[in-house]
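J.: Below are the sequence and a predicted model; questions follow.
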Amino acid sequence: MKRRDFLKGLSLSAVTAVVIPTVGFAADEKPKGANALAYKDALAAITGGKTPELSDKVSLKVPEIAENGAVVPVTVEVDYPMTDSDYVKAIHIFAAKNGNSRCIDAHLSPANGKAMLSTRVKLGETQEVVAVVELSNGNFLISSQSVKVTIGGCG
Amino acid sequence: MSKSKTLIKIKPNTYKNGDVVKVSFMVMHPMETGLRKDKKTGEFIPADYIKSAKFEYNGKVFTTMNIWETLSVNPVITTYMKIDGEGTLKVTFTDSKGTVEESSEDIKPKG
Amino acid sequence: MKKILHVALSVLVASSLAYGSEQFAMSDADRALYEELLENNPADMMLASGSEYLDALGGNTALAKYLGQSEDSLAPYLAGFPRYIDKYKSVVSIDQMLQAFMHDSGAKPYTLKSEEMFNMSSYVKSLANEQAINIDINANKQMLEAYALGKEVFNTRRGGRGLSCYNCHNSNVIGSVLRTQPLPDISAKGNASAATWPAYRMTKSKLATLQKRFQGCMENALLAVIPLGSKEMTALEVYFTHEAKGALIAIPGLKR
């Protein structure tokens, strides 16, 4: 490789390094919290290994680009009845790359009237936010979306 | 955290029986993950977060939640509730230290 | 707690959340998501706490009486701060006025940087929600001097990088991206800072006053931090508030 091309390659990578992956810790010394649980394990714990169905009945609203990683709005709405015999039993929200990928589990009932859960979560880096919906018939629905998290700003 | 402060909001704030309203529950809480270091001492700040919430309407529990330290500081959680008579909405929450607190809001449907 | 109304709030917040170049401008969908957060602003709890502190001192009624205002004239009067008050021989912000109120009521005043004062002064300012900012810099020579001083502080280059506030907050660089954040226009009425601060800062998870935010900015720009309530800091607030004159107060705001 010619020297000129090598240097050009270097400057390109420097310019694109705006999104910094992890906040505050070097990769090798990232501490693990007591609740640390990887996404695929957390998902398996909820579904018991059953495959959730990708569904557009699950509307997951998160920003494309998070204004900041400390307060990221997440809203999950499910287009599904809430009758005594057929209802949304639970809505689970996950942050796929957080040390503890679990955010919140809401166990609902027909008395909710409509299935919806909205809150704000902490995201440590750019990642998928996932909504897993549990139905009274034992089936699972899923929807996910990527949220870009940048570090920066004047404090 | 010294004094707990909570806020329950119903939207819309006028409703009648059969309406499905938004219930928002807000609490002042540090939601410490246990992974943050005190800048002065260099020590990890111990975990301290709300870990569950129970929503009751006229004595009947209609929603329960498991909450993790992943939620933002001063968490806000919103869900829906079907109005079915005059009464009280009570939210009981527990934190990782074992503290249990309650917050209530009157439900007064108009018609 | 007095009901906090949100007239025109979404417009103010939307414009204050992010301006920017093509690359980092907030999409309409994202902007809508963040506007929704205002419906349940954690700062509402801090203001509720503030109202309790004020109640302990006699509430709105005692405050109105102290300021020589009626219950109806209190809100527009508050919308005119910072003011020159002859009794103190200084131009004061709401928090300094409250310190005097506490002292004259026989209570030990909260310090300006205390959580109690942030909460209480924010609550008191919120009593003027929906009022148009009516600061009068021509009221007397002290107000004129304060405005001139504030403008001077804004334009003075100082600190390790020789920066002034103007360097990053002037109409030529609005929208340019610095450290991934678009530089906001803090002069236009559309983003009237004085009308949307005090605000909940998401990155700090705390309620901050405008002066406190100035301090944060100074720290980051390597400028010596000016103390809260100092002549210069009050003057800066006069300058900003005058720039926002006419804008409707809508607090607590929500900011990054």
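T.: Right, received. Where do you want to start?
J.: Run through the residues that contact the closest residue to B:Y57 other than its chain neighbours.
T.: Of all residues not flanking B:Y57 in the chain, B:L89 sits nearest, at 5.3 Å (Cβ to Cβ, 6 or more residues apart in numbering or on different chains). The way it works is simple: take the backbone N, C-alpha and C, and place the C-beta from them, glycine included. Shown in contact with B:L89 (Cβ atoms under 8 Å, 6 or more residues apart in numbering or on different chains): B:8, B:10, B:23, B:55-57, B:81, B:104-107.
J.: So B:L89 belongs to a strand, correct?
T.: Yes - if the criterion is DSSP: H, G, I helix; E, B strand; the rest coil, then B:L89 is within a strand.
J.: Name whatever forms a beta bridge with it.
T.: B:Y57, B:E105 (DSSP bridges).
J.: what's the spacing between the most centrally placed residue in chain B and C:A128?
T.: By Cα atoms, centre = their mean, chain B has its centre lying nearest to B:F25, at 4.2 Å. Between B:F25 and C:A128 the distance, using Cβ to Cβ, to the nearest Å, works out to 29 Å.
J.: Pull up the gap between the residue lying closest to B:V20 once chain neighbours are set aside and C:Y123, please.
T.: Nearest non-adjacent residue to B:V20, counting by Cβ to Cβ, 6+ apart: A:G113, 3.4 Å away. For A:G113, the distance to C:Y123 (Cβ to Cβ) stands at 34 Å.
J.: more neighbours, those two?
T.: C:Y123 (28 against 20; other Cβ atoms under 10 Å in any protein chain shown).
J.: Flag every buried residue along the helix or strand where that one lies.
T.: Using DSSP states H and E, the element containing C:Y123 is helix C:115-126. Within helix C:115-126, the residues scored as buried using 16 or more other Cβ atoms under 10 Å in any protein chain shown are C:115, C:117-126.
J.: swap in stretch C:84-101?
T.: Those would be C:84-85, C:90-101, for stretch C:84-101 by 16+ other Cβ under 10 Å.
J.: correct me, but B:T79 touches B:F55?
T.: Yes - between B:T79 and B:F55 there is a contact at 7.5 Å, judged by Cβ atoms under 8 Å.
J.: what is in contact with the two at once?
T.: Contacts common to B:T79 and B:F55, judged by Cβ under 8 Å, 6+ apart, are B:23, B:63.
J.: which of these two has more neighbours?
T.: B:F55 (27 against 23).
J.: need the contact list for the closest residue to that one other than its chain neighbours.
T.: Take B:F55 and drop its neighbours on the chain: the residue closest to it by Cβ to Cβ, 6+ apart is B:T63, 4.1 Å away. Each residue near B:T63 by Cβ under 8 Å, 6+ apart is listed here: A:106-109, A:111-112, B:54-55, B:79, B:81.
J.: rerun that using 10 Å as the cut-off
T.: In this structure, B:T63 makes contact with A:90, A:106-109, A:111-112, A:117, B:23, B:25, B:53-57, B:77, B:79-81, B:91, judged by Cβ atoms under 10 Å, 6 or more residues apart in numbering or on different chains.
J.: So which of those are in helices?
T.: Among these, no member falls in helices (criterion: DSSP state H).
J.: Just the helices from the stretch 101-250 of chain C, written as ranges.
T.: Under the criterion DSSP state H, counting those that start in this stretch, helices of the stretch 101-250 of chain C are mapped to C:115-126, C:141-155, C:165-168, C:193-196, C:210-220, C:231-243.
J.: Adding mean pLDDT, write these out as a markdown table.
T.: Listed next are these as a markdown table, based on pLDDT from 0 to 100:
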| stretch | mean pLDDT |
| --- | --- |
| helix C:115-126 | 98 |
| helix C:141-155 | 96 |
| helix C:165-168 | 87 |
| helix C:193-196 | 91 |
| helix C:210-220 | 93 |
| helix C:231-243 | 95 |
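J.: Rebuild those helices as a markdown table, extending it with distance to C:G175.
T.: Formatted as a markdown table, the helices of the stretch 101-250 of chain C follow (distance: least, Cβ to Cβ, whole Å):
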| stretch | distance to C:G175 |
| --- | --- |
| helix C:115-126 | 29 |
| helix C:141-155 | 19 |
| helix C:165-168 | 12 |
| helix C:193-196 | 16 |
| helix C:210-220 | 18 |
| helix C:231-243 | 18 |
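J.: Deepest-packed of those, please.
T.: Greatest average neighbour count among the helices of the stretch 101-250 of chain C goes to helix C:193-196 (a mean of 26), per mean count of other Cβ atoms under 10 Å in any protein chain shown.
J.: gap between the closest residue to C:F154 other than its chain neighbours and C:N155?
T.: Closest residue to C:F154 apart from its sequence neighbours, by Cβ to Cβ, 6+ apart: C:C165 at 4.6 Å. C:C165 is 7 Å from C:N155, where distance means Cβ to Cβ.
J.: quick one, strands of chain B?
T.: B:6-11, B:20-27, B:50-57, B:60-67, B:76-82, B:87-95, B:100-107 (DSSP state E).
J.: Could you tell me which other helices and strands the first one packs against?
T.: The elements that strand B:6-11 packs onto, with contact taken as 3 or more Cβ pairs under 10 Å, 6 or more residues apart in numbering or on different chains; DSSP states H and E, are strand B:20-27, strand B:76-82, strand B:87-95, strand B:100-107, helix C:43-55.
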